[in-house]
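*Asks:* Coordinates for the following, if possible.
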Amino acid sequence: MRKKTPRVSPMDIAVILIIAALAGYVVYRLTMKLNYKWHWEIIPTYLFRRDAESGGWTANILIEGLYTTLRLSFWATLLAAVLGWAMGILRTTRRLFNRLIARTYVELIRNMPPLVLIFIFYFFVSDQIMPILGVEEFIRSRSPETQEWLAVFFATPNRFTAFISGVVTIAVFQGAYITEIVRAGIQGIERGQWEAAEALGFSWFQKMRHVILPQAVKQVLPPLANEFINTIKYSSIASVISIQELTFQGMQIMAATHVTIEVWLTITAMYLVICLVLSLAVQRLERHLARN
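*Replies:* This is a model prediction of the structure:
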């Protein structure tokens, strides 16, 4: 079957022209009316720099901040997925106590501002949990080679505690939303599947493992992928606890150079490129799952 090529309608052209006109008006107001002086030439210097030792180009603080954002989002999504699946399964059990635990977690987290939540968890995790576990001492006692690998995948020893606190905070926040996705996926399985598993004499664990969860996973994969995109965007709130991700680095550059609009437009473009690429990947995943 031949694919239909999308046509550009007059409405599409009108919308594009309106957006272009608005962008031009904003630039005009900034340049002419507000007498704003553009300094785009400083942006490349904060993306890449020349290494004095090797003489080659290396990542500067904006690219390093982007890498920290990706690491923070990746580990937070993994932890949130584990927490969300556990709580989502508890929400579908017959025991009232299990459902109350999961429901309390979801309602408590989803009805709290993320900024307040990150402060509460950051100070609790950093001041109470980390010293008890001895995380910082353990990291500093590792060999230099191990610390280098930990810096690549997590953070440097002096920033490790803050990084883990940020991961836990974002994971707890995102886990509440993943819980509802998992619950909807499990409850979306047809009743006949549950009855067939019961007719075969399966226990609850066997039903979930062999019948329900394999089907639920297929249904919830696209929404979970979308939550990874949301985690990347929500990771910007970690800047308030001095995790040197992309937004934090942007604020540092702005404070040092007093260049505002260029910095934030660059950071916006970096977030936009990452999220658009991931959105396209999610669309391909959805089409692939729809064909199977």
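*Asks:* And for Ala21, the neighbour number?
*Replies:* 10 (other CB atoms under 10 Å). No exception for glycine: its C-beta is placed from N, CA and C like everyone else's.
*Asks:* just to confirm, which helix or strand has it in it?
*Replies:* According to DSSP states H and E, Ala21 maps onto helix 10-28.
*Asks:* Also Ala86?
*Replies:* Judged by DSSP H and E, Ala86 forms part of helix 61-90.
*Asks:* So, low pLDDT: which residues of the stretch 1-150 of the chain?
*Replies:* For the stretch 1-150 of the chain, residues meeting the criterion pLDDT under 70 lie at 1-8, 30-31, 33-34.
*Asks:* Contacts for stretch 108-116 next, please.
*Replies:* If you take CB atoms under 8 Å, 6 or more residues apart in numbering as the criterion, stretch 108-116 is touched by Leu117, Val172, Phe173, Gly175, Ala176, Tyr177, Tyr234, Ile237, Val240.
*Asks:* ok, now which ones touch Gln215?
*Replies:* Contacts of Gln215 (CB under 8 Å, 6+ apart): Ile189, Gln193.
*Asks:* Could you number the chain from 858 rather than 1 from now on?
*Replies:* I'll keep to 858 as the first residue from here, and by that count the last item is Gln1072.
*Asks:* May I see the buried residues of the strand or helix carrying it?
*Replies:* Using DSSP H and E, Gln1072 maps to helix 1070-1091. Using 16 or more other CB atoms under 10 Å as the test for burial, helix 1070-1091 gives 1070, 1073, 1076-1086, 1088-1089, 1091.
*Asks:* just to revisit the earlier point, measure how far the helix or strand following the helix holding Ala943 is from the centre of its chain, please.
*Replies:* Using DSSP H and E, the helix or strand that follows helix 918-947 towards the C-terminus is helix 953-967. Centre-to-centre, helix 953-967 and its host chain are 23 Å apart (CA atoms, centre = their mean, to the nearest Å).
*Asks:* quick revisit: give me the angle between the helix holding Gln1072 and helix 918-947.
*Replies:* Calculated by axes from the mean of the first three to the mean of the last three CA atoms, to 10 degrees, helix 1070-1091 forms an angle of 140 degrees with helix 918-947.
*Asks:* So for helix 1070-1091, mean pLDDT?
*Replies:* Mean per-residue pLDDT for helix 1070-1091: 86.
*Asks:* what about dumping the CA coordinates of that helix to PDB?
*Replies:* Extracted C-alpha coordinates of helix 1070-1091, given in PDB (Å, rounded to 0.1, in the frame of the first residue of the first chain):
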ATOM      1  CA  LEU A1070       2.700  -8.600  33.300                       C
ATOM      2  CA  PRO A1071       3.900  -9.700  29.800                       C
ATOM      3  CA  GLN A1072       0.800  -8.100  28.300                       C
ATOM      4  CA  ALA A1073       0.900  -5.000  30.600                       C
ATOM      5  CA  VAL A1074       4.500  -4.300  29.700                       C
ATOM      6  CA  LYS A1075       3.600  -4.000  26.000                       C
ATOM      7  CA  GLN A1076       0.800  -1.500  26.800                       C
ATOM      8  CA  VAL A1077       2.800   0.700  29.200                       C
ATOM      9  CA  LEU A1078       6.100   0.900  27.300                       C
ATOM     10  CA  PRO A1079       5.200   4.000  25.200                       C
ATOM     11  CA  PRO A1080       3.900   6.000  28.300                       C
ATOM     12  CA  LEU A1081       7.000   4.900  30.200                       C
ATOM     13  CA  ALA A1082       9.200   6.200  27.400                       C
ATOM     14  CA  ASN A1083       7.300   9.500  27.500                       C
ATOM     15  CA  GLU A1084       8.000   9.600  31.300                       C
ATOM     16  CA  PHE A1085      11.800   9.500  30.500                       C
ATOM     17  CA  ILE A1086      11.300  12.600  28.400                       C
ATOM     18  CA  ASN A1087       9.500  14.200  31.300                       C
ATOM     19  CA  THR A1088      12.300  13.200  33.600                       C
ATOM     20  CA  ILE A1089      14.800  15.100  31.400                       C
ATOM     21  CA  LYS A1090      12.600  18.200  31.700                       C
ATOM     22  CA  TYR A1091      12.000  17.800  35.500                       C
END
